[in-house]
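# coords below, sequence missing:
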């Protein structure tokens, strides 16, 4: 068959055809592929300990990564299709194909010189560890055919006493290794003893292992998971992070799953009316069945007796009959039916006035609730993000934003970018893309079903452009949330294509088997199970076109083809197209032994008891990191509308720093204080100055988060979007690191707002603090409220013609005058007006609106401030900016609007970049910040 040209293949469009049992089979790969390292993963695998019904492929997502599939193989596939078995875990121990007696293997990676392969392997479940596998790292030398073990059972720590602690924390696993450009290996491990607050499974963190070194160095301190690390060309590390923090904000404290309960008090809104919920319930009805009545007893009737003389009236004799038996009483009939009922929402109230809703799903999440004034408490974050971090564990930032639908771009709940794991880089021309596994299940914890592969551009500027459909596997637009086909584990190829593991079209029968394992003179029979779907390798372009299967000969349907990665060298250096060497880790070693953690033995929990009674360090011995927020009030620009509002100016007086290191109260829900349900511990309260700045020293290498409080100690709330001032991100700094940020946003915005711009000097969007009114405006039904002109909503464009937000603009008529009025003087550097997009929302295609600007201070018009703005440009054209140097001090601004044609005027948004001021004008770049204190 002649080889198709790249130009011809570029015209092919691969369409996913949803069928009852899968998708239409693609063609076979025509373009040559590089050598590939592939895992033939046995489909029969042990069940997941937390969700045992899962039957998908072992080794993927949290429900599959610890499962053992005995008999798996490590393969090399050459460009001509020849397949060589490098490791066969079905071979006996000591065999040349299984010299170290492995039982299973997964997640290989190729060194930068393409001479070695590192992977995770296990020799099987251990009797001393409740028959769980202990995954360790191994390295295969491709030139010599030699295998060596890299990590061992050598962690030496003291597990604090507590119910089930020894069982839960004695063992650990090393998974998902990847080479860095300098030869070090980054991998995920559960050596740091903690458990996820979601389902109690072991927490995983990133570690570095240097060549010839047996001591891994931890560089993250997550409470849930840091998985699937892969190097970036600039020397950083890309990984998938399970962001879960179930410490919820209360009025003056926090609460967690330990506070869940049924509750009896009725929840009420701000007006005092009961809050109701609609529930679907099953009603059992008992129907009494009436017994069949017995036949009536005959009654004697009077009859004229004609033969009597004289005739007389007599009673007719009763017939002689047997009395019928009494009918048996039938049992009551029980029927069930489903109905929807409306009932009041109930809950419990904490001592600080926080009302916690009754939570029937206490196993998996904390309850929602209300603050004492009725402000709602949103759901706790529980999602997956693609993050980047320096190789020394510093400078954690978001790498790519992966929302599926544009509607997510305007939400502030932290779950804007569900379901991004298993990232892989692919280079399409000069562009670097990231492919990743996605899933409809936001936690990615219950199953491997419902998976697909999507592709994103890195950077927050491309959030809107990344709202694209899966290119392989499950489509988000499909009717069934978990229906096949499925795809996962993407890898980039040198020619810009991707190779993924994809379900085959043919459905197989589910299988069950057993596996007899022995260890330390003991043996046990473990169940094995396989689902109906077999995975094969597909190759395609980043847009999903050119999809083709990759033939791998000699592999039966007892195996899934997984974890393919190209066996090609990668150039290392500082030049274009090369991979930079990462910096060395110069920070002190992060101790995995709880006795050496940076938690002081004198710290007390919310009950007044020692939070860490087993800790060895005094408070003066704690290694610290420095947290600095240069301006908690700084808001991001309108171009990032989905990032939550910062607190209202002047509302913050204190910052509470909480540490969430494992308290080891007990690794079982039956413990009095289960370690995955208890509240975090308040470490320190620091003042926030009038400019919104605070500095705090906090324990290094320890999970942290921050809550902002007002001068009365209550959590700060408010703003245009009614947010609560809690930053629930939980990755800490390294010992001696100075972490600098700006604003107060949810963890989904990590690193997206620079702490070195105008916000660091107190300049931020203060339009939301103003009262907005208008003169001459007739408000029509359905129009956007005037006050919404300062809510950081609008028609916000993103790259490639996509939109982050499409909020309806405000509209009025010729001669309308808008006014923004502040309660105190404001120094203004810039006013940006965003005009309505012509042709949208029924507006004319030729809509053009001009404005005249004026300002006042203390009721006196500022004569020198007036100017003709001209035609207001929409935000897609950058808007129209008015700059003032030196800053203009005002407490009121007015905009007189006139259309160039017709009678309609429209405006999308008003941004005012300013800060509090004295009556005297400020210099253009103040060194002393003077934000106002606003009593709230």
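It's in. This structure is a prediction, so every number in the text was calculated from the model and none was measured.
# show me the contacts for the closest residue to residue 92 other than its chain neighbours.
Excluding the flanking residues, the one nearest residue 92 by C-beta to C-beta, 6 or more residues apart in numbering is residue 98, at 6.8 Å. Every residue, glycine included, has its C-beta placed from N, CA and C. Contact partners of residue 98, counting by C-beta atoms under 8 Å, 6 or more residues apart in numbering, are 87, 88, 89, 90, 91, 92.
# now residue 736
Contacts of residue 736 by C-beta under 8 Å, 6+ apart are 587, 588, 623, 624, 625, 700.
# take these and keep only those in strands.
Counting by DSSP state E, the contacts of residue 736 place 624, 625 in strands.
# ok so, going back, filter the contacts of residue 98 to the buried ones?
Among these, those scoring as buried are 87, 88, 89, 90, 91 (criterion: 16 or more other C-beta atoms under 10 Å).
# which of those residues lies closest to residue 451?
Comparing those against residue 451 with C-beta to C-beta picks out residue 89 as the nearest, at 24.8 Å.
# now that closest one: how far from residue 545?
Between residue 89 and residue 545 the computed distance is 37 Å (C-beta to C-beta, to the nearest Å).
# re earlier: turn the buried ones among the contacts of residue 98 into JSON lines, columns for distance to residue 458.
Shown next, in JSON lines, are these (distance: C-beta to C-beta, whole Å):
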{"residue": "87", "distance to residue 458": "34"}
{"residue": "88", "distance to residue 458": "39"}
{"residue": "89", "distance to residue 458": "37"}
{"residue": "90", "distance to residue 458": "41"}
{"residue": "91", "distance to residue 458": "42"}
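# farthest pair within the residues you listed?
87 and 90, at 10.1 Å, using C-beta to C-beta across the buried ones among the contacts of residue 98.
# mind listing the shared neighbours of those two?
73, 98.
# related to what we said a few turns ago, which of the contacts of residue 98 fall within strands?
Mapping the contacts of residue 98 onto strands (DSSP E) picks out 87, 88.
# between the contacts of residue 98, which is closest to residue 232?
Nearest member of the contacts of residue 98 to residue 232, counting by C-beta to C-beta, is residue 87, at 28.8 Å.
# list the contacts for that closest one?
73, 74, 97, 98, 102, 105, 121, 140, 147.
# cool, residue 392 as well?
Contacts here follow C-beta under 8 Å, 6+ apart; on that basis residue 392 touches 219, 582, 583, 584, 585, 586, 587, 734.
# change it to 10 Å
208, 217, 219, 237, 582, 583, 584, 585, 586, 587, 734, 737 (C-beta atoms under 10 Å, 6 or more residues apart in numbering).
# that one sits in which helix or strand?
Using DSSP states H and E, residue 392 is not contained in any helix or strand.
# hang on, the earlier thing: any idea how far the residue nearest to residue 92 is from residue 693?
60 Å.
# separation between the residue most central in space within the chain and residue 439?
Most central in the chain under C-alpha atoms, centre = their mean is residue 383, positioned 1.7 Å from the mean C-alpha point. To residue 439, residue 383 is 11 Å away according to C-beta to C-beta.
# follow-up on the earlier one: pLDDT-wise, what's the bottom of the contacts of residue 392?
Checking pLDDT across the contacts of residue 392, the minimum falls on residue 585 at 82.
# how about that one, what does it touch?
Residues in contact with residue 585, defined by C-beta under 10 Å, 6+ apart, are 184, 208, 210, 217, 218, 219, 390, 391, 392, 393, 394, 734.
# is it in a helix, a strand, or coil?
Under DSSP: H, G, I helix; E, B strand; the rest coil, the three-state class of residue 585 is coil.
# what of residue 787?
Each residue gets one of three states, and residue 787 gets helix by three-state DSSP.
# how many neighbours does the residue nearest to it when sequence neighbours are not counted have?
Leaving aside its sequence neighbours, residue 787 sits nearest to residue 772 (C-beta to C-beta, 6+ apart; 4.9 Å). Using other C-beta atoms under 10 Å, residue 772 is surrounded by 19 other residues.
# am I right that residue 772 is in a helix?
No - judged by three-state DSSP, residue 772 forms no part of a helix; its state is strand.
# measure it to residue 895 for me?
Residue 772 sits at a distance of 11 Å from residue 895 (criterion: C-beta to C-beta).
# repeat for residue 662
Separation of residue 662 from residue 895 (C-beta to C-beta): 55 Å.
# can you give me the strands for the stretch 751-900 of the chain?
Using DSSP state E, counting those that start in this stretch, the strands of the stretch 751-900 of the chain run over 764-765, 771-775, 795-797, 803-806, 810-813, 817-835, 849-857, 860-861, 867-871, 880-899.
# now swap in the stretch 101-250 of the chain and tell me
Per DSSP E, counting those that start in this stretch, the stretch 101-250 of the chain carries strands over the ranges 104-110, 116-122, 125-126, 132-133, 136-141, 146-149, 174-179, 185-189, 205-209, 217-218, 225-231, 237-244, 248-249.
# and the fifth one, which strands flank it?
This points to strand 136-141. strand 116-122 (antiparallel), strand 146-149 (antiparallel) (DSSP bridges).
# who wins for proximity to residue 402 among these?
Closest among the strands paired with strand 136-141, using C-beta to C-beta: strand 116-122, at 25.7 Å.
# buried residues of that closest one, list them for me.
Under 16+ other C-beta under 10 Å, the buried positions of strand 116-122 are 116, 117, 118, 119, 120, 121, 122.
# any low-confidence regions in the stretch 651-800 of the chain?
By pLDDT under 70, the low-scoring segments of the stretch 651-800 of the chain are 719-722, 731, 744-757, 759-761, 776-784, 798-800.
# okay, residue 935: pLDDT?
We note a pLDDT of 27 for residue 935 in this prediction.
# sorry, wrong one. I was asking about residue 496.
96.
# that one reaches residue 455, doesn't it?
No - in this structure, residue 496 is not within contact of residue 455 by C-beta atoms under 10 Å, at 11.4 Å.
# the two: which is more packed in?
Legend: neighbour count by other C-beta under 10 Å for residue 496 and residue 455, higher for residue 455 (24 against 15).
# which SS class is that one?
Put simply, residue 455 is strand when judged by three-state DSSP.
# residue 54 contacts residue 64, correct?
Yes - taking C-beta under 10 Å as the definition, residue 54 is a contact partner of residue 64 at 6.7 Å.
# quick check: neighbours shared by these two?
45, 48, 447, 448.
# tell me how many other residues crowd residue 552.
Residue 552 has 18 neighbouring residues, counting by other C-beta under 10 Å.
# just the pLDDT for residue 313.
In this prediction residue 313 is given a pLDDT of 54.
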